[in-house]
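J.: here you go, sequence then predicted model.
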Amino acid sequence: MTTSYETAKTQLLDAALAHVPFDGWSEATFQAAIRDTDVSSTVARAICPRGAVDLAVAFHKRGDEAMEARLRSEDMSALKFREKVAAAVRFRLEAVEDKEAVRRGTTLFALPIHAVDGAKLVWGTADAIWTALGDTSDDVNWYTKRATLSGVYSSTVLYWLGDDSPDAMATWAFLDRRIEDVMRIEKVKARVRNSPTLSRLMAGPNWVLGQIKAPTRMPKMDFPGSWTAPRD
């Protein structure tokens, strides 16, 4: 029997989601997912060395992929740019089929041992949004845009987890307020750039910031990429 790496990982993730509401992204959930699939424990551990933690990461990335697919399919040409950003964040949350899985993931990635993974995932979501919306910045703005959106996205997720309003209307209103806050900051930055006096004062810091470049993008790869299962 030959099973691709991605197929086996998808099987494990789908099986795990039935157990996450009860056991979280834990070893118990990982073992239950193995029992519920035809993936052997040896293969499962090879695919997910950290067990359910790796499945939680895969779950988050699945949501990013669903959001990207929706952004490609939606016609947002009539929207203002800030509205496009809000729509992207909304699409990302609407891609979630099980809010409890996100809640459990938030708890997992709040642990110090997994905090770096959580930060990388949020940054990855922000990067996916900016990239999908056509961001071409290659200087310090590449970082500031993603850092700012990471903050907006994180706070919106936390609000959304506790929101029981119809159709999450309170969450979307909260998101709009956060983006409005960001727009006010951008207006202040624009005034600083356009002020001759402040521009002279910021000449040194601006020169330093001007030396910062966006990272070189590498082709998307998911190592080890593919894997061939042993024959039964």
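T.: Received it, and whenever you're ready, just let me know what you need.

J.: where do the helices sit along this protein?
T.: 5-17, 20-23, 27-36, 41-47, 52-73, 81-94, 99-110, 115-132, 140-161, 169-194, 196-201, 203-210 (DSSP state H).

J.: mind putting the ones you listed into CSV with mean pLDDT and mean neighbour count?
T.: Where you see a C-beta, it was placed from the backbone N, CA and C, and this is true even at glycine. Formatted as CSV, the helices of the chain follow (pLDDT from 0 to 100; neighbours: other Cβ atoms under 10 Å):
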stretch, mean pLDDT, mean neighbour count
helix 5-17, 94, 19
helix 20-23, 97, 17
helix 27-36, 97, 18
helix 41-47, 95, 16
helix 52-73, 97, 19
helix 81-94, 95, 19
helix 99-110, 97, 18
helix 115-132, 96, 18
helix 140-161, 93, 18
helix 169-194, 79, 13
helix 196-201, 54, 10
helix 203-210, 47, 10
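
J.: what sits against the residue nearest the centre of the chain?
T.: Among the residues of the chain, the one closest to the centroid is residue 125, at 2.8 Å (Cα atoms, centre = their mean). Listed by Cβ atoms under 8 Å, 6 or more residues apart in numbering, the contact partners of residue 125 are 60, 63, 64, 67, 92, 150, 153.

J.: how about those residues in a markdown table, adding distance to residue 105?
T.: Listed next are the contacts of residue 125 as a markdown table, based on distance: Cβ to Cβ, whole Å:
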| residue | distance to residue 105 |
| --- | --- |
| 60 | 7 |
| 63 | 10 |
| 64 | 13 |
| 67 | 16 |
| 92 | 14 |
| 150 | 16 |
| 153 | 14 |
